[in-house]
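**Q** need a structure here:
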Amino acid sequence: MNSNPRQLKLLNTVRSRGSITVEQLAEMLGVTLQTVRRDVQRLADEGLLTRFHGGVRVPSSTTENIGYQQRESLHAEGKARIARAVAARVPNDCSLILNIGTTTEAIAKALLHHSGLRVITNNLNVASILSDNPACEVIVAGGSVRLRDRAIVGEATVDFIRQFKVDIALIGVSSIEDDGTLRDFDLREVKVAQTIIAQAREVWLAADASKFNRPAMIELAKLSQIDCLFTDAAPPPPFPELLERAQVRCEIARDT
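**A** Alright, predicted model coming up:
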């Protein structure tokens with residue numbers, strides 16, 4: 001494709017953010033909405049971008065997540081802001097469940113100075129991080145280890161987590177669709193996450209802005225099952241209305 005410098009900059013901006021609104025692109029690039037829409041249409045026609053109502057995102061599969069190492073570095077700054085915002089709300093002396101994901105791993109790092117925590121996790125990376133906190137008890141779920149990201153999944157994991165009732169579940173997801181459905185890619189992972197939600201008094205979802213309007217295959221939950229959403233940018237339409245309708249508190253982690 002023979003793109004001009006503006007279109008290449010637009011493409012790189014979307015790739016760095018995962019998803020973004022047309023208005024945000026126009027402001028960042030210093031051009032009109034009409035210009036952005038023309039460029040987006042051309043890039044979408046070439047299969048380099050995917051449009052959704054009011055915005056654009058990188059193309060992605062509904063059946064397979066991107067690799068763990070790529071996810072670890074993708075949106076790292078936004079995930080760190082989310083992690084600090086979550087940690088600021090987590091009280092000392094409480095019980096938590098942290099599930100699989102690079103965002104929950106960032107949260108674990110932000111909890112290293114908390115005291116009196118009892119943390120249950122099916123994420124060996126989270127367990128390794130929090131084991132450096134002597135004031136935190138870490139309980140690791142049993143089950144099968146998924147080698148690519150050190151996640152623990154399977155029926156044994158589900159049965160293990162059912163033994164507990166915790167104050168807060170801190171979960172990540174791969175997708176938040178515009179009907180308020182939370183989705184992911186691995187059925188075994190989804191079954192564990194659904195159990196985690198059921199065993200928590202409050203459920204906090206940590207998801208960077210790239211997760212909005214991203215497609216994934218398997219339904220994990222509905223927004224109405226979430227108490228609080230932590231994200232790194234204002235959710236695009238129609239998510240503010242969906243969050244309000246579902247009575248989900250939304251905390252946007254700003255630069256500090």
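
**Q** The stretch 151-256 of the chain: helices as residue ranges?
**A** 155-161, 187-198, 239-245 (DSSP state H, counting those that start in this stretch).

**Q** Now those helices in CSV, please, with extra columns for distance to residue 131, mean pLDDT and mean neighbour count.
**A** Using the backbone N, CA and C atoms, a C-beta is placed for each residue, glycine as well. CSV is the format used below for those (distance: least, C-beta to C-beta, whole Å; pLDDT from 0 to 100; neighbours: other C-beta atoms under 10 Å):
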stretch, distance to residue 131, mean pLDDT, mean neighbour count
helix 155-161, 18, 97, 18
helix 187-198, 20, 96, 21
helix 239-245, 35, 96, 15
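
**Q** Which of the ones you listed sits closest to residue 177?
**A** When the helices of the stretch 151-256 of the chain are compared by C-beta to C-beta, helix 239-245 sits nearest residue 177, at 9.8 Å.

**Q** re the thing from before, distance to residue 137 for the helices of the stretch 151-256 of the chain - can I get that in CSV?
**A** Formatted as CSV, the helices of the stretch 151-256 of the chain follow (distance: least, C-beta to C-beta, whole Å):
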stretch, distance to residue 137
helix 155-161, 16
helix 187-198, 18
helix 239-245, 33
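
**Q** So for this protein, the centremost residue is which one?
**A** Geometric centre of the chain, nearest residue: residue 207, 2.8 Å, by C-alpha atoms, centre = their mean.

**Q** and it, what is it in contact with?
**A** 82, 103, 172-173, 176, 229-231 (C-beta atoms under 8 Å, 6 or more residues apart in numbering).

**Q** Figure out which of the helices of the stretch 151-256 of the chain is closest to residue 42.
**A** Of the helices of the stretch 151-256 of the chain, the one closest to residue 42 (C-beta to C-beta) turns out to be helix 239-245, at 26.8 Å.

**Q** Restricted to buried residues, select the contacts of residue 207 in PyMOL.
**A** What follows is the PyMOL syntax for the buried subset of these, where burial is set by 16 or more other C-beta atoms under 10 Å:
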select buried, resi 82+103+172+173+176+229+230+231
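
**Q** Out of the contacts of residue 207, flag the one nearest to residue 94.
**A** Closest to residue 94, out of all of the contacts of residue 207 and judged by C-beta to C-beta, is residue 230, at 16.5 Å.

**Q** can you pull the contacts of the closest one?
**A** 82, 85-86, 204-207, 251, 253.

**Q** redo that, cut-off 10 Å
**A** Contact analysis of residue 230 by C-beta atoms under 10 Å, 6 or more residues apart in numbering lists 81-86, 89, 103, 107, 170, 204-208, 249-253.
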